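Q: Got a predicted model here, sequence first, then my questions.
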Amino acid sequence: MAGCELHYSPGFSPVGRNSRLKFLSRDVGSRNLVRMHREKVLFKVQAAVCNNELQEFLSLPSSFMQGKRLSELSTFGIGGPAKYFVEVHNESEMSAVIRFCQKENIRYFIVGKGSNCLFDDRGFDGCVILNSLKFLESDGRGIYRVGSGYPFNMLGIQASNDEFTGLEFASGIPGTVGGAVYMNASANGQETADVIKSVEVLRADGEREVHMREDSNLVYGYRLSPYQTMEGFTSILAATFHLKPCTGARQRHRSFLERRRKTQPVAAKSAGCIFRNPGSGCQSAGALIEKAGLKGAAVGPAKVSNIHANYLLNAGGSSAADMKTLIQLVRNQVKEKFGVELREEIIYVPYTSK
Ligand SMILES: Cc1cc2nc3c(=O)[nH]c(=O)nc-3n(C[C@H](O)[C@H](O)[C@H](O)COP(=O)(O)OP(=O)(O)OC[C@H]3O[C@@H](n4cnc5c(N)ncnc54)[C@H](O)[C@@H]3O)c2cc1C
């Protein structure tokens, strides 16, 4: 087969000699399904040989895996199995995996730290791509070019320790740089978009683009980035930040962290604040929930935090269904008591698009 050896090994699908492409049968219900799946994969691999794409496909150093529990990929600790799962470590892997999913009509979802996601109890009927594009380049003068899978809090700590200002708030946010750009993460009066110089993205046609922040067509706002609605966009690969020198940045990031530890349940399983703040003239979502008397309210193990009412916690074994019921309960009570319609900030990832 085009100079490539294919073989079975127990528990794994057919793999090329050097490939780390593995389909784990653990977590998958029926042996038959796994066998049928192996045959389908073998067919795909053979088809790929015909298309001369086997080399690229098998050279992915990542492992495609079946049945990965999404609870392991979200700070909520909630979510059933992904039909396929793959971790990507560089741009060409990201591009190859997305191209493969597009070609095979496999729905995909890119996850960073999963710190703003609520996955479904049934899991995800496509491919979940874990972004591990982790690199950081600094010119020592306030320009940081960072891989989208790099931890945003590490970037915040590094830049603040270097005494550059603009990302002090980031040291308390447990997501990736890609997630922070996508969500335009913010806190303590600072927001991601304020210090972006450019964003490198991959388009659905395989083209790579660099988007300059000053482009007025790219609109950012409260928990809003252009990537949430951009046609033909697939993924954020990297971002470059431009920060200004400022003595005191290190101290500021430490005091932000200290305040966070005192006022938020940072060690609990959560996705941070569940609801957006309603905006001008209105109290914060947390204040409204607290005034509605909902601190400590629970649906099974899904619970409103006693420390910060806009944090809903998985206090042990909560399902997505429990969490969604609690979210609805909070929304209803706040609407009833104050006439305010709370909107979720978190991304709900449905099992299927159908
Ligand atoms: C304890 C705690 C505190 C928090 N505090 C804050 C806070 O102060 N301010 C705040 O704004 N948020 C906060 N959050 C929420 C969350 O950390 C941020 O929204 C963060 O930016 C999400 O990053 P992530 O990598 O976890 O994204 P994920 O949750 O993995 O993904 C979020 C969305 O971004 C998309 N995405 C992620 N990476 C990429 C990529 N490379 N390309 C394309 N799409 C991508 C995903 O597909 C998904 O739609 C908090 C969360 C927790 C758990």
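A: Great, that's in hand.

Q: And this protein, what are its domain boundaries?
A: Domains of the chain are assigned by automatic domain parsing as 6-131, 136-250, 269-349.

Q: The shortest one and the ligand in contact?
A: Yes: judged by C-beta under 6 Å from any ligand atom, domain 269-349 comes into contact with the ligand at 270-272, 347. In this view, the C-beta of every residue, glycine as well, is placed from N, C-alpha and C.

Q: comparing the domains of the chain, which gets the lowest mean pLDDT score?
A: Across the domains of the chain, domain 6-131 has the smallest mean pLDDT, namely a mean of 69.

Q: Redo the domains of the chain as a markdown table? Include mean neighbour count.
A: Below are the domains of the chain laid out as a markdown table (neighbours: other C-beta atoms under 10 Å):
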| stretch | mean neighbour count |
| --- | --- |
| domain 6-131 | 18 |
| domain 136-250 | 19 |
| domain 269-349 | 18 |
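
Q: Look at stretch 133-143 and report the distance between its end residues.
A: End-to-end span of stretch 133-143 (C-alpha to C-alpha, to the nearest Å): 18 Å.

Q: hmm, who's touching that stretch?
A: 88-91, 94, 144-151, 154-155, 158, 162, 164, 178, 197, 237-238, 240-245 (C-beta atoms under 8 Å, 6 or more residues apart in numbering).

Q: Recalculate using a threshold of 6 Å.
A: For stretch 133-143, contacts defined as C-beta atoms under 6 Å, 6 or more residues apart in numbering pick out 144-150, 164, 242-243.

Q: do the same with stretch 97-111
A: Contacts for stretch 97-111 (C-beta under 6 Å, 6+ apart): 73, 86, 88, 126-131, 234-235, 349, 353.

Q: right, and out of the contacts of stretch 133-143, which lies closest to the ligand?
A: residue 148 (3.8 Å; C-beta to the nearest ligand atom).

Q: gap between the longest strand along the chain and the chain center?
A: If you go by DSSP state E, the chain has its longest strand at strand 233-242. What separates the centre of strand 233-242 from the centre of its chain is 14 Å, taken as C-alpha atoms, centre = their mean, to the nearest Å.

Q: what are the pairing partners of the helix or strand that that strand is followed by, and which direction each?
A: Sequence order places strand 244-245 as the next helix or strand after strand 233-242, per DSSP states H and E. Partners of strand 244-245 in the sheet, by DSSP bridges, are strand 164-165 (antiparallel).

Q: Point me to the residue of the stretch 201-350 of the chain nearest the ligand.
A: For the stretch 201-350 of the chain, C-beta to the nearest ligand atom, closest residue to the ligand: residue 272, 2.4 Å.

Q: In contact with the nearest residue to residue 346 once chain neighbours are set aside, which residues are there?
A: Spatial nearest neighbour of residue 346, chain neighbours left out: residue 271 (4.8 Å); criterion: C-beta to C-beta, 6 or more residues apart in numbering. Residue 271 makes contacts with 75-76, 116, 346, as judged by C-beta under 6 Å, 6+ apart.

Q: Kindly report the same for residue 235.
A: Shown in contact with residue 235 (C-beta under 6 Å, 6+ apart): 94, 110, 202.

Q: And it, how far from residue 169?
A: The gap separating residue 235 from residue 169 is 24 Å, by C-beta to C-beta, to the nearest Å.

Q: Check residue 332 too.
A: 32 Å.

Q: Kindly report the same for residue 244.
A: Applying C-beta to C-beta to residue 244 and residue 169 gives a distance of 15 Å.

Q: who's in contact with residue 191?
A: Going by C-beta under 6 Å, 6+ apart, residue 191 touches residue 184.

Q: repeat that for 10 Å
A: Counting by C-beta atoms under 10 Å, 6 or more residues apart in numbering, residue 191 makes contact with 166, 169, 180, 184-185, 220-223.
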